[in-house]
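**Student:** with the sequence up front, the predicted model follows.
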Amino acid sequence: LVRTQYTTEYFGELSLGSPPQRLLVSFDTGSGSLIVPSKDCEDAACRSHTRYDPMLSHTASLLIGAEAGKVEGEQKRDVVTVTFGTGEVSGHFASDSVCVATLCSELRFITAVNESERPFKAAGFSFFDELVKRRGLRKNLFAVYFARDGDERSE
C-alpha cells in the first residue's frame, strides 16, 4: 500500500520485529537512516504515529551506538541527533527485522525519543539506504512505481 501526499511524499507500511509491529513510513531515499518513533517518545509528533516497542519483539536488540554492540545490563546508550532542514530527531540505535511486504532484512535503525513537530508530526519514516547498506537486496537495485493519481495503481 503506497499513498501519495502532493506527489512529493510517498508513504507505505513496513513491519518491524517478531511478532510484526506495523508502521506507516515515508519512502525517502535521501535519508541516511531509518528512523521510527519509539514507545518512549511522548512528543506530539511521536504520539501522532504508531510507536515501535522493542520489548514486544523477541528479535529486537538495543544497541549502544551506531557501530557498537548490544546493550549489556545497565550500559548507557549513545544518543544520536539527526538535524533536517525543518526539524530534528533524537534517539537510540536498535536492530530488528524490517520488512516491506515480503522483503525482509535485519537492520540497524534509530528509535526516536524526541521529535520536532515540523516536519515529523505529519510525515512518515524511511529505510531504503539501510536496506542497501545491510545487503537486504539480491542486487543494489530497487524500483517502485508511484501512481500520480487514483486512476493508476502504485507498485
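**Tutor:** It's in. Residues are numbered from 1 along each chain as shown.
**Student:** separation between Ser57 and Gly17?
**Tutor:** The gap separating Ser57 from Gly17 is 3 Å, by Cβ to Cβ, to the nearest Å. Every residue, glycine included, has its C-beta placed from N, CA and C.
**Student:** what's the answer for Thr83, then?
**Tutor:** Taking Cβ to Cβ, one finds Thr83 at 27 Å from Gly17.
**Student:** out of those two, which sits in the more crowded spot?
**Tutor:** Gly17 (20 against 10; other Cβ atoms under 10 Å).
**Student:** what about stretch 39-59, start to end distance?
**Tutor:** One end of stretch 39-59 to the other measures 17 Å (Cα to Cα, to the nearest Å).
**Student:** could you list the buried residues of that stretch?
**Tutor:** Neighbour counts over stretch 39-59 (16 or more other Cβ atoms under 10 Å) mark 39-41, 43, 45-46, 49, 51-52, 54, 57 as buried.
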